[in-house]
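Undergrad: Sequence below, structure please.
(chains A, B, C and D)
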2 protein chains.
Amino acid sequence: MAATVERPLRKDAERNRRRILDAAAELFAERGLGVTLNDVAHHADVGVGTVYRRFPDKELLIDALFEERVEEMLALAERSLGDPDPWHGLASFLEQGLELQARDMGLKQLLLGTPQGCARVGGVRERLLPIVTALVTRARDAGQLRADIEPEDLAVTQWMLGTVVDYGREVRPELWRRYLYLLLRAIRAEPTPAEALPVEALTQAELDTLFSSGALTRS
Amino acid sequence: MAATVERPLRKDAERNRRRILDAAAELFAERGLGVTLNDVAHHADVGVGTVYRRFPDKELLIDALFEERVEEMLALAERSLGDPDPWHGLASFLEQGLELQARDMGLKQLLLGTPQGCARVGGVRERLLPIVTALVTRARDAGQLRADIEPEDLAVTQWMLGTVVDYGREVRPELWRRYLYLLLRAIRAEPTPAEALPVEALTQAELDTLFSSGALTRS
DNA sequence: ATGAAGCGGATCTTGTCAATCCACTTAGAT
DNA sequence: ATCTAAGTGGATTGACAAGATCCGCTTCAT
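TA: The predicted structure is shown next:
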């Protein structure tokens, strides 16, 4: 009965566990979920064996790591729903969601790309859905959002802009704001007076860099 | 002197060459440039050896195949520039360009993703650039396009919508038109009266399919 | 001081893809 | 009809990346 009490880790083991977690967080954030556990090990100055001892497979590590990140996203959605101005709520949900994605490639892939998410993190999309739906219908009912925009459009929007976030990351981390601004105006019901775009367009040279960095080579 | 006259291929060899080209065109179109020459061989009902004999490496095959496709893109751009209405020219360039991409994943990757393109196909981007620039400045000068939209924005737009094209391919091949419409309105100088969106939004179920098909899993 | 817990990283495994090689078949010139 | 250069198929090789394991050695905690 009392057999399964979690015996605390030895001091050094605990230290290494932290190191691994930290290293993984950093690598996942900047290189996405594709990084090897070997990479993580090196980055953490720890043997590969140690990593595998603690996290028998990558999913467990990801779960452990992203649980809180994912809650953050959820909290964000709820906060936006609490915004007194429906439109502002919607817009800042998109904006802050993208900021999160920009800061953490891993998170993005987890939310938008994993077949069914890892065990623990799995249910987020289901939990997120009703909130996003509410966010959209509320803005629509207030006559601020086009009547023909659906909650599903937000997901696609995040996808499109996620592309820009990823490609732009090296060259112009904030580029996505330019297109977010445009898209927001496009889905707004009443035409708003045009303001200046929040970020300059890419220069020819930057575009070239992007092309030759082989950003899209995959697939 | 007369040594290098191209001796015509033997009849059967010529037949196989065609088969390979056809198979490759089909596979590149629907699965992208990532397909193996082995795949191509199988699809063409031909041994791998045969493929390699004819096309010592993949680049040569790609070059042979896409030369005309790429010219098509260029012709399209020029045609759009000839359009009497600058805005309509710009819009239809985007639209038809995306139609091309939708029909052929390989073409898309070649244009938007290859580090420096393959030998022959390489120079396209350079040739395309001035035309696109003209297209943009013309629409801008006519007061139809926002003054702060640059030619480089078109590339990014193609990227974003390209994402939708790719993800939507299986589920809703025309989905991208929905977002193209929105983006076009967004970059237009004068607000246009809102019409109905050209394609229905994704349904919840379709979105799920997309998620679980692991469309974005890569990277 | 001693043994269980922890460690490291070389090594094995698996999978993918490009490319080669060579015994066999065939077109087509004579 | 014969003969041979041209062509063929596909098993095989080689390179490489990534996941995972193993085991002799070290360290903590009692």
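Undergrad: now the helices for chain A?
TA: A:11-31, A:37-43, A:48-54, A:58-82, A:86-103, A:105-113, A:124-141, A:151-168, A:175-187, A:204-212 (DSSP state H).
Undergrad: Can you dump the C-alpha atoms of stretch A:142-159 in CSV for me?
TA: Output of stretch A:142-159 as CSV, limited to C-alpha atoms (Å, rounded to 0.1, in the frame of the first residue of the first chain):
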residue,chain,number,x,y,z
ALA,A,142,-21.3,42.9,-31.2
GLY,A,143,-21.2,43.7,-34.9
GLN,A,144,-17.5,44.2,-34.8
LEU,A,145,-16.5,41.0,-36.6
ARG,A,146,-17.7,40.1,-40.0
ALA,A,147,-20.8,37.8,-39.7
ASP,A,148,-19.2,35.2,-41.9
ILE,A,149,-16.1,34.6,-39.9
GLU,A,150,-16.1,31.4,-37.9
PRO,A,151,-14.1,30.2,-35.0
GLU,A,152,-12.3,27.8,-37.3
ASP,A,153,-11.0,30.8,-39.2
LEU,A,154,-8.9,31.7,-36.2
ALA,A,155,-7.0,28.5,-36.3
VAL,A,156,-6.2,29.0,-40.0
THR,A,157,-5.1,32.5,-39.3
GLN,A,158,-2.8,31.3,-36.6
TRP,A,159,-1.4,28.8,-39.1
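Undergrad: Quick check: A:Val165 vs chain B, distance?
TA: 11 Å (C-beta to the nearest C-beta, to the nearest Å). Where C-beta positions appear, they are placed from N, C-alpha and C, glycine not excepted.
Undergrad: Neighbours of that residue, how many?
TA: A count of neighbours around A:Val165, defined by other C-beta atoms under 10 Å in any protein chain shown, yields 25.
Undergrad: Next, the contact list for it, please.
TA: Residues in contact with A:Val165, defined by C-beta atoms under 8 Å, 6 or more residues apart in numbering or on different chains, are A:98, A:101-102, A:108, A:176.
Undergrad: Which of those ranks first by neighbour count?
TA: Of the contacts of A:Val165, with other C-beta under 10 Å as the count, A:Trp176 tops at 28 neighbours.
Undergrad: and that residue, what pLDDT?
TA: Looking at A:Trp176, its pLDDT is 98.
Undergrad: pull the CA atoms of stretch A:174-181 into CSV?
TA: Extracted in CSV, the C-alpha atoms of stretch A:174-181 (Å, rounded to 0.1, in the frame of the first residue of the first chain):
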residue,chain,number,x,y,z
GLU,A,174,8.3,41.0,-35.6
LEU,A,175,7.3,40.8,-39.2
TRP,A,176,4.2,38.8,-38.4
ARG,A,177,2.6,41.9,-36.8
ARG,A,178,2.5,43.5,-40.2
TYR,A,179,0.3,40.7,-41.6
LEU,A,180,-1.7,40.3,-38.4
TYR,A,181,-2.7,43.9,-38.7
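Undergrad: Low-confidence stretches in chain A?
TA: Across chain A, the ranges flagged by pLDDT under 70 are A:1-6, A:114-122, A:214-219.
Undergrad: make it 80
TA: A:1-7, A:9, A:112-123, A:212-219 (pLDDT under 80).
Undergrad: can you give me the end-to-end distance of stretch A:109-127?
TA: 17 Å (C-alpha to C-alpha, to the nearest Å).
Undergrad: near DNA strand C, which residues of chain A show up?
TA: Applying C-beta under 7 Å from any atom of the strand, we find that chain A lies next to DNA strand C at A:9-10, A:12-13, A:15-16, A:45-50, A:52-54.
Undergrad: Show me the subset of the contacts of A:Val165 that also lies near DNA strand D.
TA: Within these, nothing lies near DNA strand D by C-beta under 7 Å from any atom of the strand.
Undergrad: Name the member of those with the shortest distance to DNA strand D.
TA: Using C-beta to the nearest atom of the strand, the shortest approach to DNA strand D within the contacts of A:Val165 belongs to A:Lys108, at 18.1 Å.
Undergrad: What separation is there between the closest one and B:Arg140?
TA: Counting by C-beta to C-beta, to the nearest Å, the separation of A:Lys108 from B:Arg140 is 33 Å.
Undergrad: Hmm, B:Arg125 and A:Phe211 touching each other?
TA: Yes: using C-beta atoms under 8 Å, A:Phe211 makes contact with B:Arg125 at a distance of 7.0 Å.
Undergrad: related to what we said a few turns ago, of the residues of chain A next to DNA strand C, buried ones?
TA: A:16, A:46, A:50, A:54 (16 or more other C-beta atoms under 10 Å in any protein chain shown).
Undergrad: Which pair of those spans the longest distance?
TA: By the measure C-beta to C-beta, A:Val46 and A:Arg54 form the most distant pair in these, at 9.3 Å.
Undergrad: Identify the contacts common to those two.
TA: Common neighbours of A:Val46 and A:Arg54 (C-beta under 8 Å, 6+ apart) are A:16, A:20.
Undergrad: ok, residues contacting stretch A:136-153?
TA: Stretch A:136-153 is contacted by residues A:81, A:86-87, A:89-90, A:129, A:132-133, A:135, A:154, A:187-190, B:178, B:194, B:196-197, B:201-204, B:206-207 when judged by C-beta under 8 Å, 6+ apart.
Undergrad: which parts of it are buried?
TA: Neighbour-count burial for stretch A:136-153 [16+ other C-beta under 10 Å]: A:136, A:138-140, A:144-146, A:149-153.
Undergrad: Quick one: those residues as TSV, columns for distance to B:Leu65 too.
TA: Formatted as TSV, the buried residues of stretch A:136-153 follow (distance: C-beta to C-beta, whole Å):
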residue	distance to B:Leu65
A:Val136	44
A:Arg138	51
A:Ala139	47
A:Arg140	47
A:Gln144	49
A:Leu145	45
A:Arg146	42
A:Ile149	40
A:Glu150	39
A:Pro151	41
A:Glu152	36
A:Asp153	36
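Undergrad: And A:Asp148, its phi and psi?
TA: phi -100, psi 10 (degrees, to the nearest 10).
Undergrad: Could you check how far it is from B:Leu182?
TA: From A:Asp148 to B:Leu182 the distance is 10 Å (C-beta to C-beta).
Undergrad: what do you get for A:Ala155?
TA: From A:Ala155 to B:Leu182 the distance is 15 Å (C-beta to C-beta).
Undergrad: Kindly report the same for A:Arg103.
TA: Note on A:Arg103: its distance to B:Leu182, by C-beta to C-beta, is 26 Å.
Undergrad: Counting neighbours, go ahead and name the busier of these two.
TA: B:Leu182 (20 against 14).
Undergrad: show me what contacts the closest residue to that one other than its chain neighbours?
TA: Closest residue in space to B:Leu182, ignoring its immediate chain neighbours: A:Ala186 at 4.0 Å, by C-beta to C-beta, 6 or more residues apart in numbering or on different chains. A:Ala186 is in contact with B:182-183, B:185-186, counting by C-beta under 8 Å, 6+ apart.
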